[in-house]
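> for reference, the sequence and a predicted model appear below.
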Amino acid sequence: MRDVAPGRPPASISAHLEECLGALREIAGFLGGVVSRADGLVIKHTFNDPQEAATTCALAVATVGSSRATASRLGLGEFDHAFLICEKGVLVLAGAGEEAVLACLLHPQANLGMAMIIITRVAARIEGILAEV
Amino acid sequence: MEASTVKRVSVTNEESQRAFQRMTRDLLVHNPEEGTNHWGGASVPGMLLGADRVVEFLRVLEDVMGFLPARRQSYLVGYKSGRRGAELLAQFFHDTPPEQLPWRVLSAAPATLAGIGWGRCAIEYDEKSREVRWEFPRGTALALGSRLEGVRKDPSCAFIAGFAAGCTNHVLHTELEFEEVECVGRGEARCLFESGEFLRFRKGETRAGPH
């Protein structure tokens, strides 16, 4: 019996989400992606290591959560997306409705403008899929 | 007529009182050199801590990252606690036939929780649907502590939801999540936790209603 709290999406939406994440591979420099529930539970991911996906989800929602709090305190309105640009990679965090966050890891040289076009489209699709659960 | 598949266990005032005696007198050992207490032979010391302090962990976290991520962290702590609690409880039923063990262990949870002051609850388990409900008719100690500081917008008992999940999943070999459907900390009359396979967190939506 595992020691972590479970939670898995219904099989009916799993394939659709996999398709969404597959579309992210169109981004040149795409390294990995996760769909996280708004509380940090992994819904779907492309990582080889599930633990890495779990960690990414937990950190992604914490970052989005603190970004939302910052936006609220500064009167900046609703959170849309965030970039974490680092020496060895870029983390893009996009809200996928109120229930999910899409986190994508990209190569540091990835074209962020092009990446955002795809990520925004995919995030909207994920929102739609989760709304049907 | 089809027989009910729902099992239910609760705790009376007398059972709660007896459990209190057992948990705090019979099974709690004081180590005067360390100034610590140890319950049921556990090596980890047990502490008396104000219920509102546990909610404070949630409050501090949610101030930084928002309710849902904070809820998850609190839920995970509760989950591990529930699992460990179930393991600890199971050791008192080593003579029980394996097929009876899950419900015996789960049946012991309400008295145990009442005895250690977490609140008085009833547990319902539907063997057919595998749905489980933990109801605290007067609220959990956490919610009662939280309520004294004002009505919250969001539930205060993520820790207990996680505890219920950890305990239930360990005992019944399920993979359920638990949701705070009603919460005294949010101004409702009772705390109610219900199982599900995949929770939704729609803003403003509550599953609370007549049951």
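Sure, I can see it.

> where exactly do the helices run in chain B?
Along chain B, the stretches classed as helices by DSSP state H are B:13-21, B:51-65, B:67-90, B:101-115, B:141-147, B:158-172.

> could those be laid out in TSV, adding mean neighbour count, distance to chain A and mean pLDDT?
No exception for glycine: its C-beta is placed from N, CA and C like everyone else's. Listed next are these as TSV, based on neighbours: other CB atoms under 10 Å in any protein chain shown; distance: least, CB to the nearest CB, whole Å; pLDDT from 0 to 100:
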stretch	mean neighbour count	distance to chain A	mean pLDDT
helix B:13-21	14	26	96
helix B:51-65	18	3	92
helix B:67-90	22	4	93
helix B:101-115	21	12	95
helix B:141-147	24	18	97
helix B:158-172	27	6	95
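
> would you mind measuring the gap between the ends of stretch B:113-125?
Taking CA to CA, to the nearest Å, the first and last residues of stretch B:113-125 lie 17 Å apart.

> who touches it?
B:6-11, B:15-16, B:18-24, B:103, B:106-107, B:109-110, B:131-144, B:160, B:172, B:191 (CB atoms under 8 Å, 6 or more residues apart in numbering or on different chains).

> now do the helices in chain A.
Counting by DSSP H, chain A has helices at residues A:11-23, A:50-73, A:112-131.

> any regions of chain A where pLDDT drops low?
Flagging of chain A using pLDDT under 70 yields the residue ranges A:1-7.

> ok so, going back, closest to A:P10 out of the helices of chain B?
helix B:158-172 (18.1 Å; CB to CB).

> any idea how far that closest one is from the chain center?
Between the centre of helix B:158-172 and the centre of its chain there are 7 Å (CA atoms, centre = their mean, to the nearest Å).

> over to stretch B:122-136?
Relative to its parent chain, stretch B:122-136 has a centroid offset of 13 Å by CA atoms, centre = their mean.

> got it, and stretch A:119-128?
Stretch A:119-128 sits 10 Å away from the centroid of its parent chain (CA atoms, centre = their mean).

> kindly report the same for stretch B:143-151.
17 Å.

> still on that earlier bit, can you list the helices of chain A in JSON lines and add mean neighbour count and distance to chain B?
Formatted as JSON lines, these follow (neighbours: other CB atoms under 10 Å in any protein chain shown; distance: least, CB to the nearest CB, whole Å):
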{"stretch": "helix A:11-23", "mean neighbour count": "15", "distance to chain B": "9"}
{"stretch": "helix A:50-73", "mean neighbour count": "18", "distance to chain B": "3"}
{"stretch": "helix A:112-131", "mean neighbour count": "18", "distance to chain B": "8"}
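
> thanks a lot, see you next time.
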